[in-house]
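K.L.:
Provided below are the primary sequence and the corresponding predicted coordinates.
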Amino acid sequence: MTSTAPIVLWHHGLSRSHKRRTLQQIDRALREAGWFCVSLSGLHAERLAATVGGCYQVAAKFFELDEEQRSRYTEAAQECFGLTYTPLGAEPQYEGSSAQHVHSINAREPLSADQCDALLPAELEDGERELVHLYHAWPANPVADAAVQPLRAMVSSVWAALRAHVCTPLLEAFAALLGLEPDALAKRCSMRRSDNASLLRFLEYPPSPTG
């Protein structure tokens with residue numbers, strides 16, 4: 001294992017020869033380093049960067065709300081978890097006992113119950129199905145509509161771009177390395193618990209009162 005990540009260049013529409021070389025890069029990186037970073041290129045990379053940048057700008061508007069308004073989106077204050085807010089002092093340190101001086105927006109892909117059901121496997125238990133609905137449901141009547149609704153649209157765009165140009169191609173690459181059908185891993189991962197727990201996080205570190 002190494003602390004320096006190999007860089008794998010990636011862009012949509014790779015030729016067969018480029019795809020083969022990319023698979024070799026991924027295989028070597030995983031065997032030798034244990035991990036790798038993806039570097040996108042081309043028009044899709046520019047569009048994704050613009051979409052992500054726009055999402056941060058909209059998230060900044062949410063952080064400008066007063067704490068009372070933001071706190072209405074905590075998990076404890078809602079019956080759905082598509083969009084949640086973690087206030088200052090609630091983010092634990094992963095080493096030690098003190099809390100981090102940070103607050104965050106936690107956003108899962110906005111999906112209706114019907115959209116979730118269309119993606120879910122038929123054999124899923126009812127309780128698990130309801131949990132998926134909660135994970136992907138956003139506030140129906142947000143108190144800060146001007147800040148939340150643009151964020152919902154931008155988050156949807158980011159998820160769609162990441163799935164099309166990063167996640168799905170990489171899952172297909174991993175499947176190829178394992179000798180599986182191209183969509184084997186995508187089908188296995190689709191809408192399972194690991195997918196439901198995936199989220200975009202926007203963190204802001206305000207100036208510390210202690211300096």
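P.N.:
On my side now, so go ahead.
K.L.:
now the single longest helix found in the chain, how far from the centre of its chain.
P.N.:
When the chain is parsed with DSSP state H, its longest helix is helix 43-63. A distance of 13 Å separates the centroid of the chain from that of helix 43-63, by C-alpha atoms, centre = their mean, to the nearest Å.
K.L.:
hey, C-alpha coordinates of the following helix or strand past that helix in PDB?
P.N.:
Counting by DSSP states H and E, the element after helix 43-63 in chain order, helix or strand, is helix 67-71. This file holds the C-alpha atoms of helix 67-71, laid out as PDB (Å, rounded to 0.1, in the frame of the first residue of the first chain):
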ATOM      1  CA  GLU A  67     -29.600  28.900  12.800                       C
ATOM      2  CA  GLU A  68     -33.300  28.600  13.700                       C
ATOM      3  CA  GLN A  69     -34.200  28.100  10.000                       C
ATOM      4  CA  ARG A  70     -31.300  25.700   9.400                       C
ATOM      5  CA  SER A  71     -32.200  23.700  12.400                       C
END
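K.L.:
Work out the gap between helix 67-71 and the centre of the chain.
P.N.:
23 Å.
K.L.:
List of residues touching whichever helix or strand comes after that helix?
P.N.:
Sequence-wise, the next helix or strand downstream of helix 67-71 (DSSP H and E) is strand 83-86. With contacts defined as C-beta atoms under 8 Å, 6 or more residues apart in numbering, strand 83-86 is touched by 62, 70-71, 73-75, 78, 103-108, 110, 138-139, 148, 151-152. (C-beta placed from N, C-alpha, C; glycine too.)
K.L.:
Each with direction, which strands does strand 83-86 pair with?
P.N.:
When pairs are called by DSSP bridges, strand 83-86 turns out to pair with strand 103-107 (antiparallel).
K.L.:
angle of the strand it pairs with against helix 43-63?
P.N.:
130 degrees (axes from the mean of the first three to the mean of the last three C-alpha atoms, to 10 degrees).
K.L.:
Mind giving me the packing neighbours of the next helix or strand after strand 103-107?
P.N.:
Heading C-terminal from strand 103-107, the first helix or strand you meet, by DSSP H and E, is helix 113-119. Packing partners of helix 113-119 (3 or more C-beta pairs under 8 Å, 6 or more residues apart in numbering; DSSP states H and E): helix 126-136.
K.L.:
among the helices and strands of the protein, which has the poorest mean pLDDT?
P.N.:
Lowest on mean pLDDT, DSSP states H and E among the helices and strands of the chain sits helix 193-196, with a mean of 52.
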